[in-house]
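[1] My questions concern the predicted model and sequence given below.
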Amino acid sequence: MKSIKEVLEGPEISNYSGSEKTRSIVEAEIARRWGQGELKNYDPMRSALTFKNWIQLGMVPRKGEKAIRSFVVLETKDKKDPKKVVRRIKSIYLFYYRQVQELAPR
């Protein structure tokens with residue numbers, strides 16, 4: 001089990017693909033909740049992860065914390081016409097490193 005500091009300094013964990021739109025959505029929410037100065041700590045590859053990612057790292061969101069809503073664009077080939085690419089938007093819910101704590105041992 002890693003500490004939050006090790007997660008933030010370690011290898012890239014997130015599946016973030018580099019979209020400026022999704023980055024700006026998350027940055028706006030971080031600035032709203034924790035202030036503009038907190039943006040210097042935001043790294044989309046390490047500090048804002050899904051619930052599943054945090055659990056795999058031995059962390060869990062604190063009780064009462066609300067996720068940051070973002071989205072991903074999924075591209076799949078059309079079943080009827082394989083040359084056609086179908087895009088759909090899927091909501092994802094991220095937790096910032098300030099919202100998580102170590103998972104209590106059982």
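    Sure, I can see it. Predicted model, so just to flag it, every value in this text is computed and none were measured. Numbers count the residues shown, from 1 in each chain.

[2] can you pull the contacts of the residue lying closest to residue 41 once chain neighbours are set aside?
    In this structure, residue 41 finds its nearest non-sequential neighbour in residue 47, 6.4 Å apart by Cβ to Cβ, 6 or more residues apart in numbering. Every C-beta, even on glycine, is put in place using the N, C-alpha and C of the backbone. By Cβ atoms under 8 Å, 6 or more residues apart in numbering, the contact set of residue 47 is 8, 41, 96, 97.

[3] among those, who's most crowded?
    residue 96 (21 neighbours; other Cβ atoms under 10 Å).

[4] So what sits opposite that one in the bridge?
    Beta-bridge pairing of residue 96 under DSSP bridges involves residue 48.

[5] got a list of what it touches?
    Counting by Cβ under 8 Å, 6+ apart, the residues that residue 96 touches are 30, 33, 34, 42, 47, 48, 68.

[6] For the third one, which non-adjacent residue is spatially closest?
    So that's residue 34. That would be residue 98: by Cβ to Cβ, 6+ apart, it lies 6.4 Å from residue 34.

[7] buried ones in the one helix or strand residue 33 maps to?
    Following DSSP states H and E, one finds residue 33 within helix 20-34. By 16 or more other Cβ atoms under 10 Å, the buried positions in helix 20-34 come out as 22, 25, 26, 27, 29, 30.

[8] Name the residues that touch it?
    Residues from elsewhere that reach helix 20-34 (Cβ under 8 Å, 6+ apart): 16, 38-39, 42, 44, 48, 68-72, 94, 96, 98.
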